[in-house]
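A.B. asks: predicted structure and sequence below. I'll ask about it afterward.
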Amino acid sequence: MSSPTGSCTGTLDGHYDYVVVGCGGIGSGTLYWLARTLGQTKRILGLEQFELGHCNGGSQDYSRIVRLTYHVETYTKLAMEAMDAWHIVEQDAEHKLVDHCGGIQITEKGSPFMVKTIEAAIKQGMKYEHITGTELSQRYPQFNVDNSVEAMVDPEAGYVDAAQANAVHVALARQRGATVVDSCKVLKIKQQSNSTYEIETSCGKLTAEKIIITSGAWSNQMLGSFGVTLPLKVTQEQVHYYATPNIQDFMPAKFPVVMWMMCNMCYYAMPIHGVIALKVGIDNGGAEVTADQRSFTPDELNMEKTDTFVKRFLPKGYGPKAQVKTCLYTMPPDRNFVVDTLVGYGHPNVSVCVGGGHAFKFASVLGRVLTDLSTKGHTETDISIFSLKREALTDPEFPDLRQFSREEAKSDDGP
């Protein structure tokens, strides 16, 4: 387990034009786009309470799915922008981060979810195939399925190397003059004037003109300095790495990334990368925790359900556990992102982003959007459904729409 050391691995020096609080996926992406946009004309600082690359939040691990398939058109459009952003970072770094191994979204036959996903794809001009379960098993014999399911093929999908993406974002930001200080916890933020904030950290005090909060499960702790509390739910999730003996069948050249919606649950699987094992997990199947009071111990119920799923539907992928890793999701009631400024709360120079447990694929483009908001006050990207003023965040009676809750998982007898 990582923890703040109180010993900054960098230098805090007076006043900064832009300060990014939290340097995980979205925060590191914001540092990159700020530095790319502003160069050395402004002083840019990134603050991370743990060491860079830590495993306490939601941005660690070897790989994360990238895909265009979403059942909401706003996300499909944003996913296309996200792919472009990743490619810009790759060109800038001269290093490959995304493997377009292809993706499969599977649902029960006749699922309304599939209908909405296809409608969004058509509206955005996305390339896709809609195939039967039999066609899926013929194309990918790793799957044990029949025509009780249907699938959507996304040829642009794949995975991004998460750990490398964060490190590349930080390295390129530093190359352009940004300062990044880790093991430095933000303790309090106080407004000094209309244009200046004082930030008290475990490594000393500094001042800033503009602040971008990308703190994941610690978002409300940071927002509290501005009198803002969001209805966020933090859960501890986990992924399982199966040391399959059939490694050739699960390499990226032969196996796609997979999203499987069934039995009130969403399973996902990813090809071998980073560790010689098949990666499988349940989306939003974990227990509610807090950022500072969570364990790193895998949940047995979650593990049993994942084992059952793999044995039944990906039998050649099953094997001993090579690793089981935990992470945190931070979710609003509607599970949409939060991407906005605090202008409605009297702080137009403060921006915030909360990823809802599914944002890593968008990490770089969200960094670009936050850069737009901080430098120009607006963005051309459609973020209207991510507003701080939407009903899900302002109405205490708004229903909890976070799918695939732990209670549903408990009542399900398995796939």
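C.D. replies: Good, I have the coordinates. The model shown is predicted, which means the values in this text are computed figures rather than measured ones.

A.B. asks: how is this protein divided into domains?
C.D. replies: As assigned by automatic domain parsing, the chain contains the domains 15-59+163-231+334-394, 99-158+233-332+405-411.

A.B. asks: which of those domains is buried the deepest?
C.D. replies: domain 15-59+163-231+334-394 (a mean of 21; mean count of other C-beta atoms under 10 Å). In short, each C-beta sits where N, CA and C put it, glycine included.

A.B. asks: how far is that one from where the chain is centred?
C.D. replies: Mean-position distance between domain 15-59+163-231+334-394 and its chain equals 14 Å (C-alpha atoms, centre = their mean, to the nearest Å).

A.B. asks: about what we covered before: so which of the domains of the chain is nearest T69?
C.D. replies: Nearest to T69, of all the domains of the chain, is domain 99-158+233-332+405-411, at 4.8 Å by C-beta to C-beta.

A.B. asks: distance between the closest one and the chain's centre?
C.D. replies: 15 Å.

A.B. asks: quick check: mean pLDDT of that domain?
C.D. replies: Summarised as a single mean, pLDDT over domain 99-158+233-332+405-411 is 94.

A.B. asks: do the same with stretch 162-172
C.D. replies: 98.

A.B. asks: so which of the domains of the chain comes closest to W86?
C.D. replies: Among these, domain 15-59+163-231+334-394 sits nearest to W86 (C-beta to C-beta), with 5.6 Å.

A.B. asks: how long is that closest one end to end?
C.D. replies: End-to-end distance of domain 15-59+163-231+334-394 (C-alpha to C-alpha, to the nearest Å): 34 Å.

A.B. asks: same check, this time on stretch 106-126
C.D. replies: So stretch 106-126: terminal residues 17 Å apart, C-alpha to C-alpha.

A.B. asks: ok so, going back, to H87, which of the domains of the chain lies closest?
C.D. replies: Comparing the domains of the chain by C-beta to C-beta, domain 15-59+163-231+334-394 comes nearest, at 9.5 Å.

A.B. asks: using CSV, list the CA coordinates for the one helix or strand Q91 maps to.
C.D. replies: Following DSSP states H and E, one finds Q91 within helix 73-93. Taking C-alpha atoms only, helix 73-93 is exported to CSV below (Å, rounded to 0.1, in the frame of the first residue of the first chain):
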residue,chain,number,x,y,z
GLU,A,73,-24.3,9.2,-28.2
THR,A,74,-22.4,11.9,-26.3
TYR,A,75,-20.0,9.2,-25.1
THR,A,76,-19.6,7.7,-28.6
LYS,A,77,-18.7,11.1,-30.0
LEU,A,78,-16.4,11.8,-27.1
ALA,A,79,-14.8,8.4,-27.5
MET,A,80,-13.9,9.3,-31.1
GLU,A,81,-12.2,12.5,-29.8
ALA,A,82,-10.5,10.4,-27.2
MET,A,83,-8.9,8.2,-29.9
ASP,A,84,-7.6,11.3,-31.7
ALA,A,85,-6.1,12.6,-28.4
TRP,A,86,-4.3,9.3,-27.7
HIS,A,87,-2.8,9.3,-31.2
ILE,A,88,-1.5,12.9,-30.7
VAL,A,89,0.2,11.8,-27.4
GLU,A,90,1.7,8.8,-29.2
GLN,A,91,3.1,11.0,-32.0
ASP,A,92,4.4,13.5,-29.5
ALA,A,93,6.1,10.8,-27.4
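
A.B. asks: show residues contacting that helix.
C.D. replies: Residues outside helix 73-93 that contact it (C-beta atoms under 8 Å, 6 or more residues apart in numbering) are 29, 32, 36, 66-70, 96-98, 119-121, 123-124, 126, 156, 160, 165, 168-169, 171-172, 361-362, 364-365, 367-368, 381-382, 384-385.

A.B. asks: show me what whatever helix or strand comes next after that helix is in contact with.
C.D. replies: Using DSSP H and E, the helix or strand that follows helix 73-93 towards the C-terminus is strand 98-99. For strand 98-99, contacts defined as C-beta under 8 Å, 6+ apart pick out V66, M83, W86, H87, E90, G158, Y159, V160, D161, P252, H273.

A.B. asks: strand 98-99 pairs with which strands, parallel or anti?
C.D. replies: strand 158-161 (antiparallel) (DSSP bridges).

A.B. asks: state the next helix or strand along the chain beyond the strand it pairs with.
C.D. replies: helix 162-175.

A.B. asks: so which elements touch the next helix or strand after that next one?
C.D. replies: Using DSSP H and E, the helix or strand that follows helix 162-175 in sequence is strand 179-181. With contacts defined as 3 or more C-beta pairs under 8 Å, 6 or more residues apart in numbering; DSSP states H and E, strand 179-181 has these neighbours: strand 44-47, helix 162-175.

A.B. asks: now do strand 179-181: everything it contacts.
C.D. replies: With C-beta under 8 Å, 6+ apart as the criterion, strand 179-181 contacts 8-13, 16, 23, 31, 43-48, 52, 170, 173-174, 203.

A.B. asks: one more: stretch 130-140?
C.D. replies: 104, 106, 109, 114, 118, 143-153, 254-256.

A.B. asks: so of these, which ones are in helices?
C.D. replies: Among the contacts of stretch 130-140, the residues falling in helices (DSSP state H) are M114, I118.

A.B. asks: among the contacts of stretch 130-140, name the ones in strands.
C.D. replies: Using DSSP state E, the subset of these located in strands is I104, I106, V149, E150, A151, M152, V153.

A.B. asks: any chance of JSON lines for those, columns distance to D299?
C.D. replies: JSON lines is the format used below for the ones in strands among the contacts of stretch 130-140 (distance: C-beta to C-beta, whole Å):
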{"residue": "I104", "distance to D299": "26"}
{"residue": "I106", "distance to D299": "24"}
{"residue": "V149", "distance to D299": "27"}
{"residue": "E150", "distance to D299": "30"}
{"residue": "A151", "distance to D299": "29"}
{"residue": "M152", "distance to D299": "30"}
{"residue": "V153", "distance to D299": "32"}
